[in-house]
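**Student:** sequence and predicted model, in that order:
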Amino acid sequence: MTAVSIAPRTFDAPRMHGPDEGRPTVSMVPDALGRFGRFGGRYVPETLSAALDQLEQAYAEASADPAFAAEVDRLLETFVGRATPLHCAERLTRRSGGAQIWLKREDLSHTGAHKINNTIGQALLAIRMGKRRIIAETGAGQHGVATATACSLFGLECVVYMGAEDVRRQAPNVRAMRLMGAEVRPVESGSRTLRDAINEAMRDWMGSVETTHYIIGSVVGPHPFPRIVRDFQSVIGRETIDQCLARFGRLPDTVVACVGGGSNAAGMFFPFVDHGAVRLVGVEAGGRSAAAGQHAASLSHGSPGVLHGSLSYVLQDRDGQTSDVHSVSAGLDYPGVGPEHAYWRDLGRVEYTSVTDAEALDAFDLVARNEGILPALETSHALSWAVAEASRRPAAEIMVVCLSGRGDKDAAEIARLRGLPPDAATT
Amino acid sequence: MHPAASTVTTAGSGLDRIAAVFAAARASGHRVLAPFVTAGDPDVATSVAVIEAADRAGASLCELGVPYSDPIADGPVIQASYTRALGAGLTLEDVFVVAREAASRVRMPLLAMASYAIIFRRGVVRFVTDARAAGLAGLVVPDLPLEEADELDAACRDAGLALVRLVTPTTPAARAEAIARASTGFLYCVSVAGVTGARSELPDGLAERVRWLATKTTVPILVGFGIAAPDQVRAVGAVADGAIVGSALVRRVADAIGQPREALLDSVGRFVGDLAAATR
């Protein structure tokens, strides 16, 4: 293995050049118009254009300001609890009888998921822009909790839009948001899930844009959001690279993450994309089946389209109307995906596959009973694929799974799906 | 069917037909009233009849809303109309049927208000070709900012269709000038920062903004978003070339669902008539 450069600690896109120094690399996106290849861009009402320009400008200035990076790093260390550990899943590895399975423990971050990496950074950007009101959307509630947390930390007003169906199935997170002073607004329109929550947050922003920052929770939306969220989440992949080099003296063979909008996957994959020997695998929500409306696997079954301000793969009908989707996991229950994932898919740099509701639930049980970890249902999709694949790989190989969040929030919903009373959890 | 009307609406390019509307209004000292009608709400035939009623009542242009599942620029009234139309199974083909039927029966030019998601999915050139074949005179694309519009702009120019651009209160001056220069047919001045929906007052500073914009463009200026009553149409008419009325009309259609069609059309006709009277 040749020497591997460790990704720089800047919020700019790492420009890591390997043997073909000077040639464009996979990481050299987006361009000035927010394009990842043909994907991305900015398809929003004119009312939002100035705010997106302002955000782009503020982000460029913050990226060039060492004090900003230092403040983010300080809070990630002392408030979020980073670096998160890279933990060997020994019993899962023994059961699979193949590649070593290592878990990047984002579930040990404050608030229990990777989402806070982004909300801390974006809240600091909002403050730089003089905006004291924050809005956010949330699906599983993890981003909502992380946003409410950042707003409490910095003394910002916080409104979170959440689909009414998700308010029901992720009740513990709704409570947590309200306890931290956030206002949670249930969204009754459409499918009453993440997609509708984003629509309502955008509508709020249309009327409040001069005083409000929208902390979008995934690598979706109009430019510059996909890039900003990816950069703030890239701490996951950078730490993983550092930890692998320190422990193994080399990079892992395979890196796996679940993909809804795709923020934990983007943060994990981005520092690896120029290291072509590392296999990157994104796992989407296969739902009940591959039939239309029964899953949320945009990259596996979707087609290029425009949704929520950017061009990416979308689950849509022949006219471009967004399809209804399904996943047992509220955080993956989304008909689109970040434009950079679409770019990586078409380049062939990242493989995307899917795992069904039932397989994810089985993986939840397996990890809960063998590793002492309750993984989020979102994460359980990545774990399901990883455990199956590890059994087919040699023992010398190293597989890292992004354990993006903890699953306490899902216990009652899992009990309900199994016909048990809510407090019976997974007995 | 009125053969004479049909001749008027289909003669000349979309751009020419829109220009003729403004020329006629200026010649008679009137302003232009442009109602917004959701295609297929509550059904194809009724929405065509609503457009005819608006035309008879004195409207001069019509924005035909193309229902979309995720309209982030629209408030609850138009959003609900889209949901109703799509829930009843409306397809894009049906929207073009509404356009074709209406264009053959009314004098006023029709412009499609369509999300870029719909246009991209069909293919930019094919959408524009189909729009022209359906008798549409132009497009308003509320989620397509200047930077993303080159391909659609070229296709519209080739087809002689207007591509109406929007300027909002949050648009900085230099950007507003560029948008005003790029707009064809007319310039859509959004009265407020926010989603579509009826509001009781016109915002402060609107008159100054419209007067300033008029110095930056050769196309007429229509004001929309929040215009719901004859007083507002009259106030807008003092500075702009006319007004666009959307949610207030869509709500009248929604309120009359379940009533006999005559009652619905009567309600629409009276409302548009009152608005049109305020343009003269």
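**Tutor:** Great, that's in hand. Numbers count the residues shown, from 1 in each chain, chains lettered A, B, ... in the order given.

**Student:** in the stretch 51-200 of chain A, which segments are predicted with low confidence?
**Tutor:** Within the stretch 51-200 of chain A, not a single segment meets pLDDT under 70.

**Student:** near chain B, which residues of it show up?
**Tutor:** Residues of the stretch 51-200 of chain A found near chain B (CB under 8 Å from any CB of the partner chain) are A:51, A:189-190, A:195, A:199. Backbone N, C-alpha and C define where each C-beta goes, glycine included.

**Student:** what's the neighbour count on B:L146?
**Tutor:** By other CB atoms under 10 Å in any protein chain shown, the residues close to B:L146 number 18.

**Student:** and the pLDDT at the closest residue to it other than its chain neighbours?
**Tutor:** Excluding its sequence neighbours, the residue lying closest to B:L146 (CB to CB, 6 or more residues apart in numbering or on different chains) is B:I179, at 5.7 Å. For B:I179, the model assigns a pLDDT of 98.

**Student:** what about B:G269, helix or strand, and which?
**Tutor:** Element membership for B:G269, per DSSP states H and E: helix B:261-277.

**Student:** what's that helix packed up against?
**Tutor:** Under the contact criterion of 3 or more CB pairs under 8 Å, 6 or more residues apart in numbering or on different chains; DSSP states H and E, helix B:261-277 touches strand B:32-38, helix B:44-56, helix B:230-237, helix B:247-255.

**Student:** and that helix, average pLDDT?
**Tutor:** pLDDT averaged over helix B:261-277 gives 97.

**Student:** got the contact list for it?
**Tutor:** Helix B:261-277 is contacted from outside by B:33, B:35, B:46, B:49-50, B:53-54, B:56-59, B:229-230, B:233, B:243, B:245, B:248-249, B:252-253, B:255-257, using CB atoms under 8 Å, 6 or more residues apart in numbering or on different chains.

**Student:** just stretch A:177-189 next, same as before
**Tutor:** For stretch A:177-189, the surrounding residues in contact (CB under 8 Å, 6+ apart) are A:141, A:144-145, A:147-149, A:151-152, A:158-164, A:167, A:174, A:192, A:196-197, A:199-200, B:79, B:83.

**Student:** can we see that at 6 Å?
**Tutor:** Residues outside stretch A:177-189 that contact it (CB atoms under 6 Å, 6 or more residues apart in numbering or on different chains): A:144-145, A:148, A:152, A:158-164, A:167, A:174, A:196-197, A:200.

**Student:** before we move on, the earlier item: now the residues of the stretch 51-200 of chain A next to chain B in TSV, with secondary structure?
**Tutor:** Formatted as TSV, these follow (DSSP: H, G, I helix; E, B strand; the rest coil):
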residue	secondary structure
A:A51	helix
A:S189	coil
A:G190	coil
A:R195	helix
A:N199	helix
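
**Student:** closest one of those to A:Q122?
**Tutor:** Using CB to CB, A:A51 is the member of these that lies nearest A:Q122, at 13.1 Å.

**Student:** I'd say the closest one and A:V209 touch.
**Tutor:** Yes - with contact defined as CB atoms under 6 Å, A:A51 and A:V209 form a contacting pair (4.5 Å).

**Student:** re earlier: compute the inter-axis angle for the helix holding B:G269 and helix B:230-237.
**Tutor:** Inter-element angle recorded for helix B:261-277 and helix B:230-237: 40 degrees (by axes from the mean of the first three to the mean of the last three CA atoms, to 10 degrees).

**Student:** can you give me the buried ones in helix B:261-277?
**Tutor:** The neighbour-count check on helix B:261-277 (16 or more other CB atoms under 10 Å in any protein chain shown) flags B:264-265, B:267-269, B:271-273, B:275-276 as buried.

**Student:** same question for stretch B:163-175.
**Tutor:** For stretch B:163-175, using 16+ other CB under 10 Å, the buried residues are B:163-171, B:175.

**Student:** if we check chain A, which of those residues are in contact?
**Tutor:** Counting by CB under 6 Å from any CB of the partner chain, B:166, B:168, B:170-171 from the buried residues of stretch B:163-175 sit close to chain A.

**Student:** from the residues you listed, which two are the most distant?
**Tutor:** Distance extremes for those: the farthest pair is B:L166 and B:T170 at 11.2 Å, using CB to CB.

**Student:** which parts of the chain are strands?
**Tutor:** Went with chain A since none was named. Ranges of strands in chain A, per DSSP state E, are A:35-36, A:39-40, A:86-88, A:100-105, A:133-138, A:157-163, A:183-187, A:212-214, A:254-258, A:279-287, A:303-307, A:310-314, A:350-356, A:398-403.

**Student:** ah, I was thinking of chain B
**Tutor:** Using DSSP E, strands in chain B cover B:32-38, B:62-65, B:110-113, B:138-140, B:162-167, B:187-190, B:221-224, B:242-245.

**Student:** helices of the stretch 301-427 of chain A, residue ranges please.
**Tutor:** Counting by DSSP state H, counting those that start in this stretch, the stretch 301-427 of chain A has helices at residues A:339-347, A:357-371, A:377-390, A:411-417.

**Student:** which residues touch the longest one?
**Tutor:** Which is helix A:357-371. Contacts of helix A:357-371 with the rest of the structure, by CB under 6 Å, 6+ apart, involve A:89, A:91-92, A:287, A:328, A:373-375, A:377, A:380-381, A:383-384.

**Student:** then the third one?
**Tutor:** Where contact means CB under 6 Å, 6+ apart, the residues beyond helix A:377-390 that reach it are A:92, A:96, A:98-99, A:101, A:256-258, A:283, A:328-329, A:331-332, A:355, A:359-360, A:363-364, A:367, A:375, A:399, A:401, A:403-405, A:410.

**Student:** can you give me the neighbour number for A:G405?
**Tutor:** By other CB under 10 Å, neighbour count at A:G405 equals 28.

**Student:** how about the nearest residue to B:A207, chain neighbours excluded?
**Tutor:** Of all residues not flanking B:A207 in the chain, B:V239 sits nearest, at 4.6 Å (CB to CB, 6+ apart).

**Student:** residues from the stretch 51-200 of chain B in reach of chain A?
**Tutor:** Neighbours of chain A within the stretch 51-200 of chain B, by CB under 6 Å from any CB: B:69-70, B:72-73, B:91-92, B:116-118, B:120-121, B:142-143, B:145, B:148, B:166, B:168, B:170-172, B:193-195.

**Student:** can you show me the helices along the stretch 1-150 of chain A?
**Tutor:** Using DSSP H, counting those that start in this stretch, helices in the stretch 1-150 of chain A cover A:49-63, A:66-75, A:90-96, A:115-128, A:142-154.

**Student:** tell me which residues in the third one are buried?
**Tutor:** Spelled out, it's helix A:90-96. The neighbour-count check on helix A:90-96 (16+ other CB under 10 Å) flags A:92-93, A:96 as buried.

**Student:** distance of A:A411 from A:V145?
**Tutor:** For A:A411, the distance to A:V145 equals 16 Å [CB to CB, to the nearest Å].

**Student:** make that A:L417, sorry
**Tutor:** Distance from A:L417 to A:V145, by CB to CB: 22 Å.

**Student:** who has more neighbours, those two?
**Tutor:** Set side by side, A:L417 and A:V145 show more neighbours around A:V145, with 31 against 15, by other CB under 10 Å.

**Student:** hmm, back to that, weakest of the helices of the stretch 301-427 of chain A by average pLDDT?
**Tutor:** Here the lowest mean pLDDT among these goes to helix A:411-417, at a mean of 88.
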